[in-house]
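>>> sequence first, then the predicted structure:
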Amino acid sequence: MNKTLKELSEFLGGKLHGNGNIIISGVGDLESAKEGQISFIKDKTYLEKSKSSKASAIIIPPGIEIPEVPAIEIENPYLAFSKLLGIIYKSKQVFFKGIHSTAVIGKDVKIGLNVSVGPCTVVEDSVSIQDNTVICSNVYIGTKSIIGTNCLIYPNVSIREESELGNNVIIHCGTVIGSDGFGYIPVKEKYHKIPQIGKVVIEDDVEIGSNSSIDRATIDKTLICKGVKIDNQVHVAHNVVIGENTILLAHVTIAGSTKIGKHCVFSGQSGAIDNLTVGDNVIAASRAGILQDTPSNSVLWGMPALPIKEQKKITLATKNLPELSREFRELKKKVEKLEEKMK
């Protein structure tokens, strides 16, 4: 990075405290930071740790002072620190420039300015790839797909035919966009496959982790709305709608035709069955299984998923079951003895 603290303060829009001429070459946490690195504290609970840190500078929130160490004061130190991480992250990312000689480009493909297509990538006919997008090696892009501006598609991603990606979309290794939805009709002892002729639409500023699957719609579209963040190994089935700025963590499964609202959080291994409507601002705790329509602002836990306060009561009561079972057996014996005496 090699920038002065003053330059970083101006870049972040913060208030400089102390020597602005020191050179910052990297970042680190409070405990492991070395000379030349900058760290951060979110609040006063980290103040004691900061005093023993070897960091050359610290990003601090308003109302906190560390006179011994140069600092940048800013409203959200964590966000500011992440912006510095972004500088380093970009410097570490080196992609092939231009269209590699081993890439296979179909007919009537539209490629914008400053687009990179890596080795052994296949771009089928009538695809549109817009400005400043990077397509890494071994990617497959199906016929008539649209890739927006400033997208980053990592190696071994498959984007099936007629998929649409907005701007600033990031898709990590091994993910499949537009695979067939799981649709079959039982016919006697066999299953008849339902052709999946819809598509996947991914709006702006979406990031999808590695080895996830977003299935195409049976008809119409599977929709991933603006700002959604999807972790690794997540399955979104056909005709699902994921609302704006919702987060799906690892191993989440959303079954077909379910609609998830805005600003929801689905924790690891949680999910929802098909044809449900889940409102806005819903939180599904880890392993929550949503089996019914859910109103906005709900916090759910358990299988079947219930309001978390109710589920906690059930969990606590469950711990008492062995003792209650023992008491029940004793009471049953007493009742049997009383009935015997009354004969």
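That came through, no problem.
>>> what about dumping the CA coordinates of the helix or strand of the chain with the lowest mean pLDDT to PDB?
Every helix and strand of the chain was ranked by mean pLDDT, DSSP states H and E. The lowest is helix 47-51, at a mean of 85. Extracted in PDB, the C-alpha atoms of helix 47-51 (Å, rounded to 0.1, in the frame of the first residue of the first chain):
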ATOM      1  CA  LEU A  47      -9.100   0.500  24.100                       C
ATOM      2  CA  GLU A  48      -7.000  -1.500  26.500                       C
ATOM      3  CA  LYS A  49      -5.800  -3.800  23.700                       C
ATOM      4  CA  SER A  50      -4.900  -0.800  21.600                       C
ATOM      5  CA  LYS A  51      -2.400   0.400  24.200                       C
END
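>>> contacts for it?
Helix 47-51 has contacts (C-beta atoms under 8 Å, 6 or more residues apart in numbering) with 30-31, 39, 41, 58, 64, 66, 68-69. All C-beta spots, glycine's among them, are computed from the backbone N, C-alpha and C.
>>> what's the following helix or strand after it?
strand 57-60 (DSSP states H and E).
>>> mean confidence for that next one?
Mean per-residue pLDDT for strand 57-60: 94.
>>> give the buried residues for that strand.
57-60 (16 or more other C-beta atoms under 10 Å).
>>> distance to residue 278 for these - can I get that in CSV?
CSV is the format used below for these (distance: C-beta to C-beta, whole Å):
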residue, distance to residue 278
57, 44
58, 41
59, 37
60, 39
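>>> ranges for the helices of the chain?
5-12, 47-51, 77-92, 308-319, 321-342 (DSSP state H).
>>> what is the nearest of the buried residues of strand 57-60 to residue 148?
residue 59 (32.9 Å; C-beta to C-beta).
>>> isn't the closest one right up against residue 37?
No - assessed by C-beta atoms under 8 Å, residue 59 is found out of contact with residue 37, at 11.7 Å.
>>> if we can go back for a sec, chain center to the least confident helix or strand of the chain, what's the gap?
32 Å (C-alpha atoms, centre = their mean, to the nearest Å).
>>> if we go by neighbour counts, what in it is buried?
Buried-residue list, helix 47-51, by 16+ other C-beta under 10 Å: residue 50.
>>> with stretch 61-80 instead?
Quick answer for stretch 61-80 (16+ other C-beta under 10 Å): 61, 64, 66, 69-74, 77, 80.
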